[in-house]
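Engineer: Next one to model:
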Amino acid sequence: MRLRLLLLALGAFAMGTDTMVMAGILGRISGDLGVSVPAAGQLVTVFALSYALLAPVLAAVTARWPRRRLLLVALTVFTVANALSALAPDYPTLLATRVLAAAGAALYTPGASAAATALAPPERRGRAIATVLGGMTVATALGVPLGTYVGRADWRLTMWLVTVLGAVALLGLAAFLRELPAPAPSVGLRERMAPLRDRRVLGAVATTFTFFVAFQSVYIYLGTAVRPATGGDADRLSAVLLATGVASVAGSWLGGRAVDRWGVRKVLLVGSTIAIACFAALPWLGRTMPGTFGYALLVPLAGWSISVAQPHRLASLNPGNAPLLLSLNSSALYLGMAAGGTVGSLAIALLGERWFPLAASALGVAALVLAAGTTRPAAATGKARTGTPAPDPVKSAAG
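Structural biologist: Numbers count the residues shown, from 1 in each chain. Below is the predicted model of the structure:
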């Protein structure tokens with residue numbers, strides 16, 4: 001099981017690198033293809049929006065597919081798309097290949113999380129999901145710096161690096177991943193979309209979206225928030241971002257264990273509370289390097305713990321429709337990432353460069369309220385009346 005989870009994580013690592021490394025090579029792309037840096041930046045936006053829109057659609061269309069085939073097809077599409085990106089002769093072609101790569105990622109990431117839950121026993125599913133999602137967090141700490149370094153002379157080399165990573169994951173899963181338990185019996189599209197009428201599902205998706213808008217609205221402009229501490233020095237900021245990446249890996253790892261031990265509800269409430277406090281304190285923390293590093297360590301720990309808890313929560317609500325539900329969570333996450341930049345810039349315009357993280361704190365409170373209201377244990381009343389533990393078949397959804 002461990003090898004298969006690591007191969008699933010390798011695929012997630014490739015996709016995490018592909019998602020985030022563009023920011024490090026936009027200048028090279030701009031110069032090579034003769035477009036402005038803002039235009040090159042639209043490659044990131046197009047990828048995120050394509051992923052968000054395609055994930056639930058592809059999950060519904062492929063609901064009848066065996067999970068092994070789904071993962072292999074997704075990795076094939078992703079790998080071919082990145083090879084085409086590396087060969088793209090002009091900007092429009094590169095833009096089209098980013099949409100194709102997003103389609104592969106949108107199909108793979110929810111499928112890999114669902115596969116992790118199928119491979120692991122119930123008491124270890126949090127850790128299994130954390131292993132797969134750990135590929136995304138390791139991409140933040142390792143893949144992005146590596147991809148940026150490789151592409152310092154030619155951005156196409158970065159695309160070839162991602163292509164190789166995707167190909168290795170594809171070959172490994174083709175060789176070692178046996179067929180997984182079949183998804184839910186084939187039904188019509190209307191029946192497949194029925195889980196979307198579940199208040200718990202909508203609450204979970206809304207929580208993911210709101211929290212990641214808050215998180216990204218600060219992360220994208222972190223250099224601005226901590227400029228009093230770094231003095232605008234690139235090396236100091238790089239050290240802060242490295243600390244953020246390492247803490248993201250730790251948050252994913254610890255989050256899986258926390259979910260298995262204490263349940264989703266507690267992880268969501270505690271993680272959100274820590275993040276809210278850090279957002280609110282950043283106007284003061286960002287004035288010194290020790291305070292800045294404290295923020296850079298605590299917020300990713302909390303944020304990636306929440307990132308592990310949310311897919312576990314959704315998969316537990318309706319295991320038969322896990323790929324669809326996880327695709328919705330992924331869509332909400334990527335939409336949050338896309339919206340975070342706009343919200344952050346508006347917050348800076350309204351509140352100023354020092355105080356704009358307070359807007360993220362307010363959004364964090366909204367996410368906390370959503371999480372608290374939609375994960376309330378249904379059996380709590382019965383437990384209080386009888387004085388005996390009530391059964392909790394969906395511990396991860398109810399906490």
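Engineer: Next up, the contacts around the nearest residue to residue 56 once chain neighbours are set aside.
Structural biologist: Counting by C-beta to C-beta, 6 or more residues apart in numbering, residue 56 lies nearest to residue 327, which is 4.9 Å off, once chain neighbours are set aside. Backbone N, C-alpha and C define where each C-beta goes, glycine included. In this structure, residue 327 makes contact with 55, 56, 58, 59, 106, 110, judged by C-beta atoms under 8 Å, 6 or more residues apart in numbering.
Engineer: change it to 10 Å
Structural biologist: By C-beta atoms under 10 Å, 6 or more residues apart in numbering, the contact set of residue 327 is 51-52, 54-60, 62, 106-107, 109-111, 113-114, 314, 321.
Engineer: Give me the buried positions along the strand or helix carrying it.
Structural biologist: Residue 327 is part of helix 322-355 when elements are defined by DSSP states H and E. Within helix 322-355, the residues that qualify as buried by neighbour count (16 or more other C-beta atoms under 10 Å) are 322-341, 343-344, 347-348, 353-354.
Engineer: what do you get for stretch 263-273?
Structural biologist: Here stretch 263-273 shows 263, 264, 265, 267, 268, 269, 271, 272 as buried, counting by 16+ other C-beta under 10 Å.
Engineer: Phi and psi next, for the first one.
Structural biologist: Taking degrees, to the nearest 10, you get phi 90, psi 160 for the backbone angles of residue 263.
Engineer: next one: residue 152
Structural biologist: phi -60, psi -30.
Engineer: Among the contacts of residue 327, name the buried ones.
Structural biologist: If you count burial by 16+ other C-beta under 10 Å, the buried members of the contacts of residue 327 come out as 51-52, 54-56, 58-59, 62, 106-107, 109-111, 113-114, 314, 321.
Engineer: Among those, name the ones in strands.
Structural biologist: Secondary structure from DSSP state E places none of the buried ones among the contacts of residue 327 in strands.
Engineer: my read: residue 130 touches residue 305, true?
Structural biologist: Yes. Residue 130 is in contact with residue 305 according to C-beta atoms under 10 Å; the separation is 9.0 Å.
Engineer: These two - which one has more neighbours?
Structural biologist: When neighbours are counted by other C-beta atoms under 10 Å, residue 130 and residue 305 differ, and residue 130 comes out ahead with 31 against 28.
Engineer: So for that one, what's the nearest residue that isn't a sequence neighbour?
Structural biologist: Nearest residue to residue 130 in three dimensions, chain neighbours excluded: residue 256, at 2.5 Å (C-beta to C-beta, 6+ apart).
Engineer: Compute the distance between that neighbour and residue 266, please.
Structural biologist: Per C-beta to C-beta, to the nearest Å, residue 256 is found 14 Å from residue 266.
Engineer: Same check on residue 68?
Structural biologist: From residue 68 to residue 266 the distance is 34 Å (C-beta to C-beta).
Engineer: centroid residue for this structure?
Structural biologist: residue 333 (5.8 Å; C-alpha atoms, centre = their mean).
Engineer: That one touches residue 209, doesn't it?
Structural biologist: Yes. Residue 333 is in contact with residue 209 according to C-beta under 10 Å; the separation is 7.6 Å.
Engineer: Name the residues contacting each of those two.
Structural biologist: By the contact definition C-beta under 10 Å, 6+ apart, residue 333 and residue 209 are jointly contacted by residue 52.
Engineer: Now do the same for residue 27: helix, strand or coil?
Structural biologist: Local secondary structure at residue 27 is given as helix here, using DSSP: H, G, I helix; E, B strand; the rest coil.
Engineer: For burial, what's the neighbour tally of it?
Structural biologist: The burial count assigned to residue 27 is 12, neighbours taken as other C-beta under 10 Å.
Engineer: What pLDDT does the model give it?
Structural biologist: At residue 27 the predicted local confidence, pLDDT, stands at 76.
Engineer: repeat for residue 276
Structural biologist: Among the per-residue scores, residue 276 shows a pLDDT of 96.
Engineer: What are the boundaries of the helices in the stretch 101-250 of the chain?
Structural biologist: Shown for the stretch 101-250 of the chain, the helices assigned by DSSP state H, counting those that start in this stretch span residues 125-138, 144-150, 155-176, 189-192, 199-219, 222-225, 227-230, 234-262.
Engineer: what's the angle from the first one to helix 234-262?
Structural biologist: Read it as helix 125-138. 170 degrees (axes from the mean of the first three to the mean of the last three C-alpha atoms, to 10 degrees).
Engineer: So which elements touch helix 125-138?
Structural biologist: Counting by 3 or more C-beta pairs under 10 Å, 6 or more residues apart in numbering; DSSP states H and E, the packing neighbours recorded for helix 125-138 are helix 2-20, helix 91-119, helix 234-262, helix 289-317, helix 395-398.
Engineer: Now it - C-alpha only, PDB.
Structural biologist: What follows is helix 125-138 as a C-alpha-only set of coordinates in PDB (Å, rounded to 0.1, in the frame of the first residue of the first chain):
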ATOM      1  CA  ARG A 125      -7.600   7.200   5.800                       C
ATOM      2  CA  GLY A 126      -6.600  10.700   7.100                       C
ATOM      3  CA  ARG A 127      -3.000   9.700   6.800                       C
ATOM      4  CA  ALA A 128      -3.500   8.200   3.400                       C
ATOM      5  CA  ILE A 129      -5.000  11.400   2.100                       C
ATOM      6  CA  ALA A 130      -2.300  13.300   3.800                       C
ATOM      7  CA  THR A 131       0.300  11.200   2.000                       C
ATOM      8  CA  VAL A 132      -1.200  12.000  -1.400                       C
ATOM      9  CA  LEU A 133      -1.800  15.700  -0.700                       C
ATOM     10  CA  GLY A 134       1.700  15.800   0.700                       C
ATOM     11  CA  GLY A 135       2.900  15.700  -2.900                       C
ATOM     12  CA  MET A 136       1.300  19.100  -3.400                       C
ATOM     13  CA  THR A 137       2.900  20.500  -0.300                       C
ATOM     14  CA  VAL A 138       6.300  19.100  -1.100                       C
END
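Engineer: Distance check, the closest residue to residue 84 other than its chain neighbours against residue 167.
Structural biologist: If you skip the residues right next to it in sequence, residue 84 has residue 97 as its closest partner in space, 4.4 Å away by C-beta to C-beta, 6+ apart. From residue 97 across to residue 167, the span is 16 Å (C-beta to C-beta).
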